[in-house]
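A.B. asks: Below: sequence and its predicted model.
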Amino acid sequence: MSKTTSGDFTKTAGWLDWYTGPSQPRFQLPAGAVDAHCHVFGPGAEFPYAPERKYTPCDASKAELFALRDHLGFARNVIVQATCHGADNRAMVDACRASGNQARGVATVRRSITDAQLQELHDAGVRGVRFNFVKRLVDFTPKEELMEIAGRIAKLGWHVVIYFEAVDLPELWDFFTALPTTVVVDHMGRPDVSQPVDGPEFALFLQFMRQHPNVWSKVSCPERLSVTGPKALDGEPAAYRDVVPFARRVVEEFPDRVLWGTDWPHPNLKDHMPDDGLLVDFIPHIAPTPELQRKLLVDNPMRLYWPEEV
Ligand SMILES: O=C(O)/C=C(\CC(=O)C(=O)O)C(=O)O
């Protein structure tokens, strides 16, 4: 049955709802594993979607996120503000507060935010801001405004999460490398995985990480990057094989600067909705040893989001 969008909202035409009844992963996550990239959507009746949004999703509540966390075997979540909520962080903050210290947040803020409001976000569990450069998702924000925000949040010990497409890295390079914080790249900067892993586009991304030790990467979203699959559906134990060489390269070269997340509820997928249990089974293909798995899923996210517990 199709999922609903509550309140005065209608889902974007063709919207794919998140997968109901995900399988039990075959891969057993290490104790204390963190799903370091996921979202909540609304519910729209309680937390309205932003007027400037580029899509209207089905609702995906904090209770549904926490149920998925428990089902898959994660201990914690990092909830990233989705663009459908603009700079209204209430749904994400509400989820962080309700998690009992088991969730941290990454917010979207404008330069008009006050220091008191930033402190309030911090108290709720926010530890970063997201700068989104994917043109289909957001309108342009001047870089000088973003740099001002980065300077302010640096004082709180937060980091900047950046989301961009691989073809835009050359143009954004100077801005990214001038950021004064830890910088976390979403989904490996969205490589075109039909190009060779040793080709010039991905080489530039690896160079970006190599030259800048403050840059981390999420090795997430194979379901978004894959061209030839196979899809994480129908019990497939080795999904998205075309993404594996890219993610594995990053994990093996930068084991202390990688994060992984489900990206539930998978906004804007057009082709299929993955079974999140099978998505977890992708992890040992990109992090083949227990040590790499522990760094990716526990040590690294804990250092970034719960340093006081490390
Ligand atoms: O969930 C993601 O990371 C990717 C997204 C959505 C997004 O970033 C957002 O709405 O904020 C995408 O590629 O459409």
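C.D. replies: Noted; the coordinates are in hand.

A.B. asks: Against Arg104, how distant is the one residue in the stretch 201-310 of the chain that gets nearest to the ligand?
C.D. replies: Closest contact between the stretch 201-310 of the chain and the ligand, by CB to the nearest ligand atom, is at Asn268 (3.6 Å). For glycine as for every other residue, the C-beta is placed from the backbone atoms N, C-alpha and C. Shown here: Asn268 relative to Arg104, a distance of 23 Å by CB to CB, to the nearest Å.

A.B. asks: Pick out whichever of these two has more residues nearby.
C.D. replies: Neighbours were tallied for Asn268 and for Arg104 using other CB atoms under 10 Å; the higher tally belongs to Arg104 (23 against 18).

A.B. asks: Let me see the contact set for the more buried one.
C.D. replies: 76-79, 96, 125-127, 305-306 (CB atoms under 8 Å, 6 or more residues apart in numbering).

A.B. asks: Filter those residues down to the ones in strands?
C.D. replies: Of the contacts of Arg104, the ones assigned to strands by DSSP state E are 76-79, 126-127.

A.B. asks: circling back to that earlier point, now, which of the contacts of Arg104 sits nearest Leu118?
C.D. replies: Using CB to CB, Val126 comes nearest to Leu118 of these, at 8.4 Å.

A.B. asks: Could you report the neighbour count for that closest one?
C.D. replies: 24.

A.B. asks: what is it paired to in the beta sheet?
C.D. replies: On the basis of DSSP bridges, Val126 takes part in beta bridges with Gly105.

A.B. asks: Show me which pair in the ones in strands among the contacts of Arg104 is furthest apart.
C.D. replies: Among those, Arg76 and Val126 lie farthest apart (CB to CB), at 14.5 Å.

A.B. asks: if I read this right, Lys295 contacts Leu259, doesn't it?
C.D. replies: No - using CB atoms under 8 Å, Lys295 is not in contact with Leu259; the gap is 9.9 Å.

A.B. asks: So if I had to pick from the two, which one is more boxed in?
C.D. replies: Remark: of Lys295 and Leu259, Leu259 carries more neighbours, 25 against 22, as counted by other CB under 10 Å.

A.B. asks: My read is that the more buried one contacts Asp186, right?
C.D. replies: No - in this structure, Leu259 is not within contact of Asp186 by CB under 8 Å, at 9.6 Å.

A.B. asks: Quick one: distance of stretch 296-303 to the chain centre.
C.D. replies: 14 Å (CA atoms, centre = their mean, to the nearest Å).

A.B. asks: If you count neighbours, what's buried in that stretch?
C.D. replies: Buried positions in stretch 296-303, judged by neighbour count with 16 or more other CB atoms under 10 Å: 296-302.

A.B. asks: Not counting its own residues, what contacts that stretch?
C.D. replies: The contact list for stretch 296-303 (CB under 8 Å, 6+ apart) reads 29-34, 36, 76, 78, 216, 219, 251, 255-260, 283, 287, 309-310.

A.B. asks: repeat that with 6 Å
C.D. replies: 30, 32-34, 36, 258-260, 287, 310 (CB atoms under 6 Å, 6 or more residues apart in numbering).

A.B. asks: List, one by one, the residues from the stretch 151-300 of the chain near the ligand.
C.D. replies: 163, 186, 263, 267-268 (CB under 6 Å from any ligand atom).
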